[in-house]
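In: A predicted structure for the sequence below; I have some questions about it.
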Amino acid sequence: MIDLDYLAFLENILTDNRKERFLNVLGNRTKHFTIAVEDVFQMHNTSAVMRSCEVFGIQELNVIEQRYGKKIDKEIAMGAQKWVDINQYDSITKCVSTLKEQGYQIIATTPHENDCLLEDFDITKPSALFFGTERDGLSEEIMENADGFLKIPMVGFTESLNISVSAAIIIQNLTNRLRNSDIKWQLSEEEILEKRLSWARNSIKDIKRIEARYYEENPR
């Protein structure tokens, strides 16, 4: 449960414009879709995907680092890591099983000919969209566990796009369609409260000192 008194205490430190901005952004956030990236060799691409998630309203990004174990490039992410939830996994199996348990269908993004085209994709089902490495695409394990396949229609000679470009195109298309639909895609009230608290903490300098003062004045 969210400590509403603590939330009010922190938000009292923020400007009215900041609080209003949080509410406006949260009103466009969704967990109906989530994004997963697998063993991306060039980590700035993962950071760019995170930025696209933030810009277009995807709240959670799942990062599988089974081989390379690299860290998010904060410079490329441009602060997006403060506003997007990053779930990190050290195995494909754990990521796929966790997302399935959460009710997501696993969708592999691939350039294969018989895959579902982006404009034909059924947005009604909660979906985890997987993007693979620049070198090899998605692993066989993800392909075998996928509930569906999705591709961006292309009419040129080039058969693939950089992962960060592909993710941006797909995320923008699907979230725009989602917001123009009758699907209940918004965050729950509890999720919004959780994000308000998290974002308030991320916005306040010297938050540990502020927290210590609050708990000193409000012992449990």
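Out: Received it, and whenever you're ready, just let me know what you need.

In: Tyr104: neighbour count?
Out: When neighbours are counted by other CB atoms under 10 Å, Tyr104 registers 22. In this view, the C-beta of every residue, glycine as well, is placed from N, C-alpha and C.

In: Lys208 now?
Out: Lys208: 9 surrounding residues under other CB under 10 Å.

In: which element is it on?
Out: Taking DSSP states H and E as the criterion, the element that holds Lys208 is helix 207-217.

In: on contacts alone, who are the packing partners of that helix?
Out: helix 4-11 (3 or more CB pairs under 8 Å, 6 or more residues apart in numbering; DSSP states H and E).

In: what angle sits between the helix it packs on and helix 207-217?
Out: Note on geometry: by axes from the mean of the first three to the mean of the last three CA atoms, to 10 degrees, helix 4-11 and helix 207-217 are set 140 degrees apart in direction.

In: and the contacts of whichever helix or strand comes after helix 4-11?
Out: Next helix or strand after helix 4-11 toward the C-terminus (DSSP H and E): helix 16-26. Identification of contacts with helix 16-26 by CB atoms under 8 Å, 6 or more residues apart in numbering yields 11, 83, 187, 192, 195-196, 199-200, 203.

In: of all those residues, which two lie farthest apart?
Out: Farthest pair in these (CB to CB) is Leu187 and Ser203. Separation: 18.5 Å.

In: what about the strands in the chain?
Out: Remark: strands assigned in the chain by DSSP state E are 33-38, 60-64, 85-89, 105-109, 116-117, 127-131, 148-151.

In: dump the first one to PDB, restricted to CA.
Out: Once side chains and other backbone atoms are set aside, the C-alpha atoms of strand 33-38 remain, and they are given as PDB (Å, rounded to 0.1, in the frame of the first residue of the first chain):
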ATOM      1  CA  PHE A  33       2.100  -3.400 -24.100                       C
ATOM      2  CA  THR A  34       5.600  -4.100 -22.800                       C
ATOM      3  CA  ILE A  35       8.900  -4.200 -24.700                       C
ATOM      4  CA  ALA A  36      11.700  -6.700 -24.300                       C
ATOM      5  CA  VAL A  37      15.200  -6.500 -25.800                       C
ATOM      6  CA  GLU A  38      17.400  -9.600 -26.000                       C
END
